[in-house]
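1. Quick one, what's the 3D model for this:
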Amino acid sequence: MGAGLGLLVPPLTSTLLGSVEKTRSGLAAGVLNAARRTGSVLGVALFGSFVARTNAFIDGTREALVISAVLLVGAAIATIVGDRDESQARR
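-> Residues are numbered from 1 along each chain as shown. Next up is the predicted model:
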């Protein structure tokens, strides 16, 4: 999961900041950081509830990691598709 985040965060940040006007890049960076922190808080709370709900640490951790992996793959696909659309729009 750490490697996945390390590989996804820079392209996601670049895609987001590259898709807005330069005059609004500060606003976009602020929104990105706020959304990232909100997602982190909600993720920890949600996945922590999986671990506590099942009364079995391994089962709850497995559920949390499967959901995390699916979300990371979805974000990667969205980044790739968005980058292709942006490249085609520039041509």
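
2. Assign the residue nearest the centre of the chain to helix, strand or coil.
-> The centroid of the chain falls nearest to Ala75 when counting by CA atoms, centre = their mean (5.8 Å). Secondary structure assignment for Ala75 (DSSP: H, G, I helix; E, B strand; the rest coil): helix.

3. any idea how far Arg84 is from it?
-> 15 Å (CB to CB, to the nearest Å). Glycine gets a C-beta too; all of them are placed from N, C-alpha and C.

4. And for Ala35?
-> Using CB to CB, one gets 23 Å for the distance from Ala35 to Arg84.

5. Then Ile58?
-> 39 Å.

6. Kindly confirm whether my reading is correct that the residue nearest to the centre of the chain touches Leu12.
-> Yes. Here Ala75 reaches Leu12: they are 6.6 Å apart, a contact under CB atoms under 8 Å.

7. what residue ranges in this protein score low on pLDDT?
-> Judged by pLDDT under 70, the chain has its weakly predicted residues at 1, 54-55, 83, 85-91.

8. Which residue is the nearest non-sequential neighbour of Gly60?
-> In space, and not counting its chain neighbours, Gly60 is closest to Val51: 3.5 Å by CB to CB, 6 or more residues apart in numbering.

9. Next, the buried residues of the one helix or strand the one you found maps to.
-> Using DSSP states H and E, Val51 falls within helix 25-54. Going by neighbour count (16 or more other CB atoms under 10 Å), the buried part of helix 25-54 is 28, 47, 50-51.
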